[in-house]
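>>> Just need the structure, nothing else, for what follows:
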Amino acid sequence: LMRKTTLGDRLLRPAEVKRRLAATSLFALFDDESLQAVAETAKVVSLGSGRVVFKAGDRDDTVYFIARGNAYVLVERDGEERIIDELPTGSLFGEIALLGGEPRSATVRTAGSTTLIAVERRHLEPILDANPALRELVWARYGERRFDDFARDVAELKGLGREERLALLKSGTHQRLDDGRRQPIAGAELGFLLSGRACIQKGDLSMVVKAPALLESETGLDVVVRGPARLVRGGRNGRPRDSRSTQRGHSEKSPTSRRVFVSRSDLATARRIQPRQSRLRNCPGVGSEKRRRLRTSRHRLAGIGQAR
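Numbering: from 1, shown residues only. Here you go, the predicted structure:
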């Protein structure tokens, strides 16, 4: 659907690509040498009106900058595509797939003749590997954006301003975890799964969640990552207490006080997981006896999640 264009090459030499990317929040973090390397490997592509850049569900790890033109962001609702946003010239989009490795959450289609600058992960990774400090800066900026978007939909955090929400994240420690790594989250901590998937274990209850997910329990829980993942751990820093638990009379020993904040789709997965032994085997550290207890505790498993 996309091809490198001779006209685009003439209009956007590496020096111009570098200048355009430097104006974005992501690539503004790059030093001159690193940004030059990005500009030299970036592709300039030209698309006509109505062309698809990527579709929802695609596994594509490229980030795009609109050098000229604009594009629509579309999602499917009730069997038809609907426009939910318009991206003007100067927009950067696709960071979640680039850094988090997640499928595209929406479709992007050009609204007219459009010139894009495309940066692929395979070209970006060596640059970040050569500069660990830059890698952490990029992930910190990405984490701020993702956490802020996520936290605005969490009832317990809606009363906080943006700076207060971000203070929760900035007070935490970013961890890059390899497959199978177990990381405890203490009762005095908040955990934010920034990328990847993890098995959340609390006593004899388990569920699998995918990023983004806000993890919290009064008495602590364990996170076992499945594949490479990024986790941010930090203190509560004055976070408002969940008044709903008090109103419902949840105690420390009550199964429903074992709270994991995830998306509604992940909560549905948690409710489905308990009758399927094969799914439970995929959760690291869940033995046969624990699977038996899980299968006989359907109402308890359903209570582990709380929609954001």
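
>>> buried sites along the host helix or strand of residue 146?
In this structure, residue 146 sits in helix 132-151 according to DSSP states H and E. Buried residues in helix 132-151, defined by neighbour count with 16 or more other Cβ atoms under 10 Å: 134-135, 138-139, 141-144, 146-147, 150-151. For glycine as for every other residue, the C-beta is placed from the backbone atoms N, C-alpha and C.

>>> right, and the pair among these with maximum separation?
134 and 151 (25.7 Å; Cβ to Cβ).

>>> which ones are touching residue 65?
With contact set as Cβ atoms under 8 Å, 6 or more residues apart in numbering, residue 65 has these partners: 20-21, 24, 90-92, 116-119.

>>> try it again with 6 Å
92, 117 (Cβ atoms under 6 Å, 6 or more residues apart in numbering).

>>> One more: the one 5 residues further on?
Listed by Cβ under 6 Å, 6+ apart, the contact set of residue 70 reads 87-88, 111.

>>> any idea how far residue 187 lies from residue 224?
18 Å (Cβ to Cβ, to the nearest Å).

>>> now residue 73, nearest residue through space, not along the chain?
Excluding the flanking residues, the one nearest residue 73 by Cβ to Cβ, 6 or more residues apart in numbering is residue 85, at 4.0 Å.

>>> Does that neighbour lie in a helix or a strand, and which?
Residue 85 is part of strand 80-87 when elements are defined by DSSP H and E.

>>> about what we covered before: what about residue 187 and residue 224, which has more around it?
residue 224 (22 against 12; other Cβ atoms under 10 Å).

>>> per-residue confidence at that one?
pLDDT, residue 224: 94.

>>> Compare the contacts of residue 70 and tell me which has the most neighbours.
residue 87 (20 neighbours).

>>> Does that one touch residue 71 like I think?
Yes - counting by Cβ atoms under 6 Å, residue 87 touches residue 71, with 4.7 Å between them.

>>> just the strands in the stretch 51-200 of the chain please.
Using DSSP state E, counting those that start in this stretch, the strands of the stretch 51-200 of the chain run over 52-54, 62-68, 71-77, 80-87, 92-93, 107-110, 114-120, 173-177, 182-185, 189-202.

>>> Dump those to JSON lines, plus distance to residue 46 and mean pLDDT.
Listed next are these as JSON lines, based on distance: least, Cβ to Cβ, whole Å; pLDDT from 0 to 100:
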{"stretch": "strand 52-54", "distance to residue 46": "12", "mean pLDDT": "97"}
{"stretch": "strand 62-68", "distance to residue 46": "9", "mean pLDDT": "96"}
{"stretch": "strand 71-77", "distance to residue 46": "13", "mean pLDDT": "94"}
{"stretch": "strand 80-87", "distance to residue 46": "16", "mean pLDDT": "94"}
{"stretch": "strand 92-93", "distance to residue 46": "17", "mean pLDDT": "95"}
{"stretch": "strand 107-110", "distance to residue 46": "10", "mean pLDDT": "97"}
{"stretch": "strand 114-120", "distance to residue 46": "5", "mean pLDDT": "96"}
{"stretch": "strand 173-177", "distance to residue 46": "37", "mean pLDDT": "91"}
{"stretch": "strand 182-185", "distance to residue 46": "45", "mean pLDDT": "91"}
{"stretch": "strand 189-202", "distance to residue 46": "31", "mean pLDDT": "89"}
